[in-house]
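> Below are the sequence and a predicted model; questions follow.
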Amino acid sequence: MDTDTPLIEFKNVTKQFGDKTVLDKVDLKIYENQITTIIGKSGTGKSVLLKHIIGLLTPDEGTILYQGKPLRGMKRREREEYRSRVAYLFQNNALLDSMTVFENVALPLKQTTNLGKKEIEKRVKKRLEDLELSDSLDKYPSELSGGMQKRVALARALVTDPTIVLFDEPTTGQDPIRKNMILSMIVHYRRKFGFTAIMISHDIPDVFFISDRIVILWEGKAGFQGTYEEAIRLKHPMIDEFLRSLEGFEDELTGLLSREAFRVHYGTVLGGSGVLPAVSAALFSVEFDLLNDALGPLAALEVLRSLGEYTNRHFQSVGGFSARHSRDQILTIFPHTSPSEAEQLVADFAQQLEQEGLANIESSAQTTIGAEACFEVYVHAGITEVAPADDIDLIIAKARANQQIVATHRCDTGGSAG
Amino acid sequence: MADTESVQNRNSLILLFASVGRGALGLLGDFGAMTIFFLLAFVNIFRRKQLLAIVNQVFYIGARSSLIVMLVGLFTGMVLGLQLFYTLVKFGSTGALGSAVALSLIRELGPVLTAIMITARAGSAMAAEIGILRISEQVDALYTMRIHPVRYLISPRVAAAIISFPLLTAFFDLIGILGGYISGVLLLGTNAGTYFYRVQSSVDIVDIRGGFIKALVFAVIVSTICCFQGYFCHMRTQGFGAKAVGLATISAVVISCVMILIADYVVTSFLM
C-alpha cells in the first residue's frame, strides 16, 4: 500500500440520530502504524465515529474507506477479513458478566478460530499475565474493580492480535499510575504487534506524548487533525481554549506543573522582571521505553513518578519549577541560580533520588521480572544557562546536549552514580 | 356551528382510522421482522460450535422447567379427573374418564399449559437476559469480536425451545394422566383397569401428532417473541435502560401467551 494512502479515511461522513446531527460531513484520515487520538467535548460523536469504523453504525451520508476501498462496497469475505483485523475496547468494557475473566478473554478465540483448547488456554493466560490479571482467572467481572475490568476488556481486545485497535476511553476510572500503565501498554503492544491504534482519551499530557496524530472533533466536524506540536503552533483560539481546558494546572502522574501552566509561569517569572541576575535550567530524563521493556510498565512508571515527585519536592523550595515536556523528560527552571549553583542543586537531588526514590521501585520491578532478576536505572541530567530570549524548545535542546548520568540504581549494588 | 361540529367529527374519524392504520402497519412490520429474525436464528442453528450452547439451553429451558411443568400437569390432571368424573356421572359413563382426561390433555391442555408455563419461567428470563446484554453493549461487543449475536445468543435458545417444548409437553401429558388417575381412581373410586384401558384405546397417533405439532409451533412462537423483545429492547420508545428491559419482559410474556392461544385455535382448526 502507498504510504501516503490513509489506512482508514472518512469522506463527508454524516450521521444523524433523530433531529440531532452528530457527525456533520466529517473528513478524517487515519494512517497505518500510528496512534491517532480523538479528543472532543462530551456528545461530539467520538464514540459514534469509532463505531462507524468497526461497522456497528453506518453513515447516513458519505463514505468510509479502508485502504482506499469503500467499506460499503466490500464483498462479504472482504468485509469479514477487514473485521477480523479490527478490535474494539468499549468505554464501559462490555464484558460478558455471566462469564469468568478467563472465559471472557477466551471467547473470541473459541468462537472465531480453530485453535485447540490448550493453545487457547496458553494465549489467554499469556495475555492475562501481561496485564497482571493472572490471579483473577476464575473471577467474574462483578468481582473486579473498575480498573481490573478495563484490563480484562483490553486483554480480550488484544487476544486475537488485531492490526487496528479502537480504544474508547481506555483509561476512564483509573488512577494516574494505572492510566499511564494502560497508555504504556498500548504503546508497548503497538510496537510489539505493529497495530494501528485509534483512541478516544483525555489523559493530558500523556496521551499527547504517545500519540502520533490528534483529531479534535468540534461541532460535528474534525476541527483539527495533525500532530500535537502542529496543534500548539497553529494558535487557533478554539484549539487553544480546548487544550487548555483539558490540560489543567497539574500533571496528574508526577504532580508537576502542566505544560501550559509551566509556559505561563516561565513567561511571568522570567519575562516580567527583566533584570534577573542568572537563570539556569536542568533537563532530567530516564529512558522510559527501555525501562518499560525491562521492568514492566508499573515499575517504569514508578521511576517516572518518583523522578517527578523528587524534582518537585527538591527544587520548589529554591524557587524552581518543573514540567514534563515529553513522556520521560522533565525540565526544571531555576530562577536566580547560576549554572554552577544549579549543578550543586542537581548533585544533591541526584543523591536523594538514588537513596530514596529509586530504591522504592525494587519491589514493583520484582513483581514483573522476578526477585532474582537484576536491573539498572539511569537518570540523566543536563544543565544550561538560560538567556532572556530563549524559548522552551531551545532550552530543552541546549540542556539535552549537556546531559550525563547523575543517578543510577542497580538491584545488586543500589545507587552508584559516581 | 353545525359545520364546525361536522368537521370535528370528521377529523376525529380520520384520527381514529389513522391510529388503527398505524397500529396495523406496526403490527405487520413487527411480524415481518420477527419472521426474518426467526429464520436467521433457525439457519444459524446448524452452524458449527453450536452443540454445547444448545445443550446448555436445553438444560436451562427444558430440564429446569420440568418441576413446574410436573406440578402444573399433576394438578391439571387431578382437576380434570375431578370435574370430568362428576360430569360423566350424570350420563352414567364414568368409564370414559380415562379417555376424556387423556384426550383433553394430549390434544389441548398439555401443549397450551406447557407453553404458558415455559413462557412464564424461561421466556421471561430469555427476554430479560438478552435485554440486559443489549443495554450493557454486550451484544455490540459480540459483534465487534466477529461473533454473530443472533447465532451466539438466539439460535441456541430457539433450538433448545424446539427440542424442549415437545418433550415437556409429553411429560406434562403423562403426569396429567397420572393426576387424573389419582383423583378419578384413587380418590373417587373409578376402576383402574378401565381408566388405563380407555386411555390406551382412545388415544390415537393423530392426537399425539397434533399435540406434538402444537408444541413445535408454540416453541417457535415463544422463543422468537421472547428473544426478539429482549434483542430489540434498546429500540423501545417508551423507556430506556432497565425500564426498557422490564417493558420487553412484560411484552414478551403477554404477547407470547396471547399468541399461544391464537395459534392454538388456528392449528386446531387445521388439524380437525
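All right, it came through fine. It should be emphasised that the depicted structure is a prediction, and the values quoted were computed from it without experimental measurement.
> List the contacts of the residue in the stretch 151-272 of chain B positioned nearest to chain A.
Relative to chain A, the nearest point of the stretch 151-272 of chain B is B:Y152 (7.0 Å; C-beta to the nearest C-beta). Every C-beta, even on glycine, is put in place using the N, C-alpha and C of the backbone. By C-beta atoms under 8 Å, 6 or more residues apart in numbering or on different chains, the residues touching B:Y152 are A:111, B:53, B:142.
> Let me know the pLDDT of the second one.
pLDDT, the model's per-residue confidence, is 92 for B:A53.
> Please identify the helix or strand for it.
Per DSSP states H and E: B:A53 is located in helix B:51-57.
> again, but for A:T37
Assigned by DSSP H and E, A:T37 falls within strand A:35-40.
> Using neighbour counts, pick out the buried residues of that strand.
For strand A:35-40, burial by neighbour count (16 or more other C-beta atoms under 10 Å in any protein chain shown) applies to A:35-40.
> Just the pLDDT at A:A397, thanks.
On pLDDT, A:A397 comes in at 87.
> Can you give me the distance of it to A:D168?
Distance of A:A397 to A:D168, given as C-beta to C-beta, to the nearest Å: 37 Å.
> quick one, which of the two is more surrounded?
A:D168 (24 against 14; other C-beta atoms under 10 Å in any protein chain shown).
> got the contact list for the more buried one?
Neighbouring residues of A:D168 by C-beta under 8 Å, 6+ apart: A:46-47, A:50, A:88-91, A:200.
> repeat that with 10 Å
A:38, A:46-47, A:49-51, A:88-94, A:153, A:198-201, B:137 (C-beta atoms under 10 Å, 6 or more residues apart in numbering or on different chains).
> Lowest mean pLDDT among the helices and strands, pick that one out for chain A.
helix A:272-273 (a mean of 54; mean pLDDT, DSSP states H and E).
> Output the longest helix along chain A in PDB, but only the C-alpha positions, please.
The longest helix of chain A (DSSP state H) is helix A:297-316. As requested, the backbone C-alpha atoms of helix A:297-316 are provided in PDB (Å, rounded to 0.1, in the frame of the first residue of the first chain):
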ATOM      1  CA  PRO A 297       5.100  -0.600  32.900                       C
ATOM      2  CA  LEU A 298       4.300  -0.400  36.600                       C
ATOM      3  CA  ALA A 299       8.000  -0.100  37.700                       C
ATOM      4  CA  ALA A 300       8.800   2.200  34.800                       C
ATOM      5  CA  LEU A 301       6.000   4.500  35.700                       C
ATOM      6  CA  GLU A 302       7.100   4.300  39.400                       C
ATOM      7  CA  VAL A 303      10.500   5.600  38.200                       C
ATOM      8  CA  LEU A 304       8.900   8.400  36.300                       C
ATOM      9  CA  ARG A 305       6.600   9.300  39.200                       C
ATOM     10  CA  SER A 306       9.500   9.300  41.700                       C
ATOM     11  CA  LEU A 307      11.500  11.500  39.400                       C
ATOM     12  CA  GLY A 308       8.600  14.000  39.200                       C
ATOM     13  CA  GLU A 309       7.900  13.900  42.900                       C
ATOM     14  CA  TYR A 310      11.500  14.400  43.900                       C
ATOM     15  CA  THR A 311      12.100  17.100  41.400                       C
ATOM     16  CA  ASN A 312       9.100  18.900  42.700                       C
ATOM     17  CA  ARG A 313      10.000  18.500  46.400                       C
ATOM     18  CA  HIS A 314      13.600  19.300  46.000                       C
ATOM     19  CA  PHE A 315      13.500  22.300  43.700                       C
ATOM     20  CA  GLN A 316      10.300  24.100  44.800                       C
END
